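A.B. asks: Compute the structure for the input listed below.
(chains A and B)
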2 protein chains.
Amino acid sequence: MAKQISDLKLGILGGGQLGRMIIQEAINYNVTTLVLDPDADAPCKHICNHFTTGSISDYDSVYNFGKKADIITIEIEKVNIEALEQLEKEGKLVFPQARVIRLIQDKGIQKQFFKENDIPTAPFQLVSNKRELVNPNFPFPYMLKQRKDGYDGKGVMKINNIADIDNAFDSPSLIEELVDFEKEVAIIVARNSNGEMKTFPMVEMEFNAEANLVEFLISPSTYPDDLQHKAEEIAKNVALALNITGILAVEMFITKNGDILVNELAPRPHNSGHQTIEGNFVSQFEQHLRAIYNLPLGDTRSRSNAVMINLLGEKGHEGVAVYEGLEKIMAIEGVYVHLYGKKYTKPFRKMGHVTIVDQNREQAIEKANLVKDTLKVIS
Amino acid sequence: MAKQISDLKLGILGGGQLGRMIIQEAINYNVTTLVLDPDADAPCKHICNHFTTGSISDYDSVYNFGKKADIITIEIEKVNIEALEQLEKEGKLVFPQARVIRLIQDKGIQKQFFKENDIPTAPFQLVSNKRELVNPNFPFPYMLKQRKDGYDGKGVMKINNIADIDNAFDSPSLIEELVDFEKEVAIIVARNSNGEMKTFPMVEMEFNAEANLVEFLISPSTYPDDLQHKAEEIAKNVALALNITGILAVEMFITKNGDILVNELAPRPHNSGHQTIEGNFVSQFEQHLRAIYNLPLGDTRSRSNAVMINLLGEKGHEGVAVYEGLEKIMAIEGVYVHLYGKKYTKPFRKMGHVTIVDQNREQAIEKANLVKDTLKVIS
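C.D. replies: Model prediction:
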């Protein structure tokens, strides 16, 4: 008898909202889920089959956890790669593959990978420390990005002039020419071990400048078909060049003269795909499961226009979370609430998201603005 | 500070697939879920916050469980009513209310309630034992239904002639004139404590005659608007007459001359509403939560045509379940799989369901037939 999906236990490194939403889909397939997270009250805690409190960056902790699973995946890149490599050697399925995570963990190696594989990306230069920032190969202002451990807007800053260098990161970093972009977009591509590959429609992102987090996401994009098609081809080329199994979020800039530049990658479900749960025939979370279990990929088409808003902790509030305005927004048609099971809020903490679906794009955006003004996470 | 949804713990009596699907929606609202079920491996086991193994028909077990929750609901009617009544007296919110469950538990009282409230229903007669079946008020053949404990097609039989009475139930029952119906349909109505009330569009059911279970469900119905409107009014009238809080499935017959007769009620999420998860803007499970938490009811409109198939254990198979053909049906567009987390299959056991959405109704039905022929639960 061939192995079936429910015979293969899924181990997830990280028990946050991405893991939670993977599990919400896994439930429908009777998949046994094991989760490792250092926080004993992580969002996955109560909905997985087995929860282990432990470090995801420690070799022994990851290795011992991985031994109990058949397929191991991640919801965050900052995991112990050596343990994953060892698990692979011992025959465990690790998707995305350890070498893919290793490559993506280091934004410097990621940029070199783009260059070597003719993936369009902004010009960059690697630097070892902040002394090297004084005489870069390109003029101020430029972006400074730490090669490792950047996450949710952390580890990125704009260097406007010499004076800014005083406060700059003093670790291996890369500097990047400032891209005069019109819009930041993303395409999520999925690939299974059989080589089947599918892209979700392009989405457009609006950032909260203060938190440097995606605040607002519109699906699908209204860029012309030929541009979207070109971007899909780029996303597929990245997935192919990585030879990845799983899903891959490809964040891109559309420049003012219509060029497409790949910004960065996430080899896992991503914030730019949350709206797929209600907005598309298959969600990014189920698609990831289908990919890593080597099952046929789902139908990525949009069912409707969808706008996604991240629900961030309000500034000035820290403590047990209260969702002010929740009842009001639940009265609006086409509004879907996803709270992440986090007891405590703090400024800009991702506490949940809301997706609005509407056949009319403008109306979806209008409702999203209403939701944004009404729903607040306070303490 | 007003109580918010996540402050009120939800206790669910019964840990089967209906409870499981309620929890799948509750996760998005950070609702803490407690479940009571006699089966230590019930479908809800791993996805709720607290699972208690225990009887749902025993007073102490239900009472002690209920004390730990703030809102208590059911996923099956066969629960200990006295304990629920005591919990209500002590200030717990029990939805549907204990008196509603009591009424619906007894098909005889249910029929009398229809009569007293001018709800159209087939003529019937109460009988105390099988001796009374010999001289009924109406001719053979007729339907014989046990007043209590009927479930999933059990407790119902057709009496064709005097000879059948030998094998008839010998318990308080009702007999009912055989309805020459064209179709069995259902409407799910929801009502919150504020009195807000909404109906889902009418669905049409196809039965598996052998198992007497819903095998195939088509949403929405194609009956003329005026008939559907009339049926919606009947469903609302039933909910109003019951003064129910929660959702109520109203199963009805459409007779060959276009009359609508209420068959029976279920004061909980129901098999005839599973397709709402993907087919409608709000699902019956979320709607039930909204109703019992006294929140604004969701948008019940269809997003698409949807066909639902119950996935029943194949005849001749008993043991650890294997889902033959799963991979094949996952390759069909618009197919959604819901497995219920049951390890063991047996003939006609409800192991899961599959919903097919398609803008084209005929195509949805065609795909449903393909799924039905392809996906088998064997051992």
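A.B. asks: any idea how far the nearest residue to A:Lys256 once chain neighbours are set aside is from A:Ser221?
C.D. replies: Closest residue in space to A:Lys256, ignoring its immediate chain neighbours: A:Glu182 at 5.0 Å, by Cβ to Cβ, 6 or more residues apart in numbering or on different chains. Any C-beta I mention is one placed from the backbone N, CA and C, and that applies to glycine too. Distance from A:Glu182 to A:Ser221, counting by Cβ to Cβ, to the nearest Å: 12 Å.
A.B. asks: How about A:Asn137?
C.D. replies: 33 Å.
A.B. asks: neighbour-wise, which of the two wins?
C.D. replies: A:Ser221 (19 against 10; other Cβ atoms under 10 Å in any protein chain shown).
A.B. asks: I figured that one hits A:Ile187, correct?
C.D. replies: No - counting by Cβ atoms under 8 Å, A:Ser221 does not reach A:Ile187; the two are 9.1 Å apart.
A.B. asks: Mutual contacts of the two, please.
C.D. replies: Counting by Cβ atoms under 8 Å, 6 or more residues apart in numbering or on different chains, the shared contacts of A:Ser221 and A:Ile187 are A:Pro201, A:Met202, A:Val203.
A.B. asks: out of these, which is most surrounded?
C.D. replies: Counting neighbours by other Cβ under 10 Å, A:Val203 comes out on top of these with 27 neighbours.
A.B. asks: residue contacts, that one?
C.D. replies: If you count contacts by Cβ under 8 Å, 6+ apart, A:Val203 has them with A:Val185, A:Ala186, A:Ile187, A:Leu217, A:Ile218, A:Ser219, A:Pro220, A:Ser221, A:Ser272, A:Gly273, A:Gln275.
A.B. asks: Could you find the closest non-adjacent residue to it?
C.D. replies: That would be A:Ser219: by Cβ to Cβ, 6+ apart, it lies 4.3 Å from A:Val203.
A.B. asks: Was I right to think the one you found contacts A:Ser304?
C.D. replies: No - look at A:Ser219 against A:Ser304 with Cβ under 8 Å: they stay out of range, at 9.0 Å.
A.B. asks: Between these two, point out the one with more neighbours.
C.D. replies: For A:Ser219 versus A:Ser304, the count of surrounding residues by other Cβ under 10 Å is larger for A:Ser219: 27 against 21.
A.B. asks: circling back to that earlier point, will you turn the shared contacts of A:Ser221 and A:Ile187 into JSON lines that also has secondary structure and pLDDT?
C.D. replies: What follows is those, written out as JSON lines (DSSP: H, G, I helix; E, B strand; the rest coil; pLDDT from 0 to 100):
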{"residue": "A:Pro201", "secondary structure": "coil", "pLDDT": "98"}
{"residue": "A:Met202", "secondary structure": "coil", "pLDDT": "98"}
{"residue": "A:Val203", "secondary structure": "strand", "pLDDT": "98"}
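A.B. asks: and of these, the nearest to chain B?
C.D. replies: Using Cβ to the nearest Cβ, A:Pro201 comes nearest to chain B of these, at 15.0 Å.
A.B. asks: In this structure that closest one contacts A:Ser304, no?
C.D. replies: No - contact criterion Cβ under 8 Å: A:Pro201 and A:Ser304 do not qualify, at 11.5 Å.
A.B. asks: Is A:Val262 part of a helix or strand, or is it coil?
C.D. replies: Secondary structure assignment for A:Val262 (DSSP: H, G, I helix; E, B strand; the rest coil): strand.
A.B. asks: how many other residues sit next to it?
C.D. replies: By other Cβ under 10 Å, the residues close to A:Val262 number 22.
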